[in-house]
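Colleague: I would like the atomic coordinates for the input below:
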Amino acid sequence: MGADTFIELCSYENNETIKATFDKAVMNAGFENGSGGYTGTIAEKGSFIKVSDKSMWVDEAMAFAKKLINQGDPRIADKWGPAGAIPVCRPYRTIEIMVSGYPNSNWDEVVSKELHLKKGETLIGWNSMMSATSTNSIKSSSLVSKKVLAKVSLPEYGIKETETVNVQVQGHFDSNRDLYTELERAAKNKVAKRSGVTVLKTNLIEKEQKAKVVTTVGTKRSTRYVIGVNGTKGEFEKGFDTLAKAKAKAKELAAEPMGLSDSSPKTYDIEAIVRSGDGSKLFTVSQEVISTSATVEVTFIKGRKEAPETNAWLFFGWASS
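Modeller: Residues are numbered from 1 along each chain as shown. Presented below is the predicted three-dimensional model:
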């Protein structure tokens, strides 16, 4: 059985606990993917663990979740273990309220007034969920009550921008993954130094590496005379320290009678193999990386403030598949 990653953004209902939101997400995933198990979704999870107490904007939470998945964070890496949970602030919130007005009222104004919007918030739109009083055959002077679902934008979400920066890191890295991680970290730091900037993601465009030539000399060289049969190469470890000994052995082998399995006469060749005394290479020339320069595309948010509230939860991690 394998494992897949999942990321689920789940709405947070009024006065709903995180467990209720999680249970709802698990149930919905079960309906969509079946209840047979091994779906690779949140349906396989029976618990969760909060990996942040601070509410994040949606894109920040998504980037954080992907980072923890890629790093194999032990809190969420077990496909049988808990899902990760991040409190999220969507750039809008939904509110259910009852409003009252007349059939010919400006209902946008009625809804806005009853919402008691916070500073910087604006009404995006609303939908009537039901009317407590039917408007059919009601006079324009008759009061009408409606239950509405309003969508309100949150302030200070910020402006998204993309910029290309040049960075350089020193030294050698054991893998390209480690190198790319360090280049992206340098690019993030370069942009994040500016006041009021939140980095969302990076993308490596190109890189150029500088290297120096490094030479390694082996230990004192050793010569062995080896015998090959019918064109095959002899082994250094089975060789002789003098040519005379190798010749004598080759003649001894050639003097032996042919066996039942031999279809043709054998030919014995002698060659000299030179190695270092400890078996290492005689001389090695290699490259050693000194530094790496790169162009990195950085996407960031400018003018963003901290997320003011939690109105959703992001669940993520590995699940059996």
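Colleague: so Met62, which of the three states?
Modeller: helix (DSSP: H, G, I helix; E, B strand; the rest coil).
Colleague: and for the one 5 residues further on?
Modeller: For Lys67, the secondary structure call by three-state DSSP comes out as helix.
Colleague: quick check: it vs Ile7, distance?
Modeller: Distance of Lys67 to Ile7, given as CB to CB, to the nearest Å: 12 Å. The way it works is simple: take the backbone N, C-alpha and C, and place the C-beta from them, glycine included.
Colleague: so between the two, which is more surrounded?
Modeller: Ile7 (17 against 10; other CB atoms under 10 Å).
Colleague: what strand or helix carries that one?
Modeller: strand 3-11 (DSSP states H and E).
Colleague: neighbouring strands - and their directions - for that strand?
Modeller: Pairing partners of strand 3-11, with direction, according to DSSP bridges: strand 312-320 (antiparallel).
Colleague: so where's the stretch 51-200 of the chain shaky on pLDDT?
Modeller: Across the stretch 51-200 of the chain, the ranges flagged by pLDDT under 70 are 130-141, 155-157.
Colleague: all helices of it, in order?
Modeller: 58-71, 107-115, 176-192 (DSSP state H, counting those that start in this stretch).
Colleague: same list (those helices) but as JSON lines, adding distance to Phe22.
Modeller: Output for the helices of the stretch 51-200 of the chain, formatted as JSON lines (distance: least, CB to CB, whole Å):
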{"stretch": "helix 58-71", "distance to Phe22": "15"}
{"stretch": "helix 107-115", "distance to Phe22": "29"}
{"stretch": "helix 176-192", "distance to Phe22": "31"}
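Colleague: domains in the chain, as residue ranges please.
Modeller: Taking automatic domain parsing as the domain assignment, the ranges for the chain are 3-91+309-320, 94-153, 159-215+287-302, 221-276.
Colleague: residues contacting the nearest residue to Ala43 once chain neighbours are set aside?
Modeller: If the residues on either side of it in the chain are set aside, Ala43 comes closest to Ala29, at 3.8 Å by CB to CB, 6 or more residues apart in numbering. Counting by CB atoms under 8 Å, 6 or more residues apart in numbering, Ala29 touches 8, 39, 41-43.
Colleague: where's Ala29, which helix or strand?
Modeller: Per DSSP H and E: helix 18-33 holds Ala29.
Colleague: gap between that helix and the chain center?
Modeller: Distance of helix 18-33 from the chain centroid (CA atoms, centre = their mean, to the nearest Å) equals 24 Å.
Colleague: and stretch 267-284, by the same measure?
Modeller: For stretch 267-284 - counting by CA atoms, centre = their mean - the centre lies 48 Å from the chain centre.
Colleague: so for Met129, which of the helices of the stretch 51-200 of the chain sits nearest?
Modeller: Nearest of the helices of the stretch 51-200 of the chain to Met129, taken as CB to CB: helix 107-115 at 12.1 Å.
Colleague: in this structure Ser153 contacts Glu121, no?
Modeller: Yes: contact status for Ser153 versus Glu121: in contact at 6.2 Å, counting by CB atoms under 8 Å.
Colleague: what segments of this structure are strands?
Modeller: Ranges of strands in the chain, per DSSP state E, are 3-11, 48-50, 56-57, 83-89, 92-101, 122-131, 144-153, 159-170, 197-217, 221-229, 268-276, 283-302, 312-320.
Colleague: how about these in TSV, adding distance to Phe22?
Modeller: Below are the strands of the chain laid out as TSV (distance: least, CB to CB, whole Å):
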stretch	distance to Phe22
strand 3-11	8
strand 48-50	5
strand 56-57	17
strand 83-89	7
strand 92-101	19
strand 122-131	26
strand 144-153	23
strand 159-170	30
strand 197-217	26
strand 221-229	69
strand 268-276	63
strand 283-302	28
strand 312-320	6
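Colleague: before we move on, the earlier item: quick one: mean pLDDT for the helix holding Ala29?
Modeller: Here helix 18-33 scores 92 as its mean pLDDT.
Colleague: got the buried residues for that helix?
Modeller: For helix 18-33, the neighbour count (16 or more other CB atoms under 10 Å) marks 18, 21-22, 25-26, 29-30, 33 as buried.
Colleague: then stretch 302-312?
Modeller: Under 16+ other CB under 10 Å, the buried positions of stretch 302-312 are 304, 307, 310-312.
Colleague: same deal with stretch 288-296?
Modeller: Neighbour-count burial for stretch 288-296 [16+ other CB under 10 Å]: 292, 294-296.
Colleague: equivalent analysis for stretch 190-199, please.
Modeller: 190-191, 197-199.
Colleague: same question, stretch 242-261
Modeller: Buried, per 16+ other CB under 10 Å, within stretch 242-261: 246, 250.
Colleague: residues making contact with that stretch?
Modeller: 225-227, 239-240, 265-266, 268, 270, 272.
Colleague: farthest pair within those?
Modeller: For those, the maximum inter-member distance is 24.5 Å, found between Pro265 and Ala272 (CB to CB).
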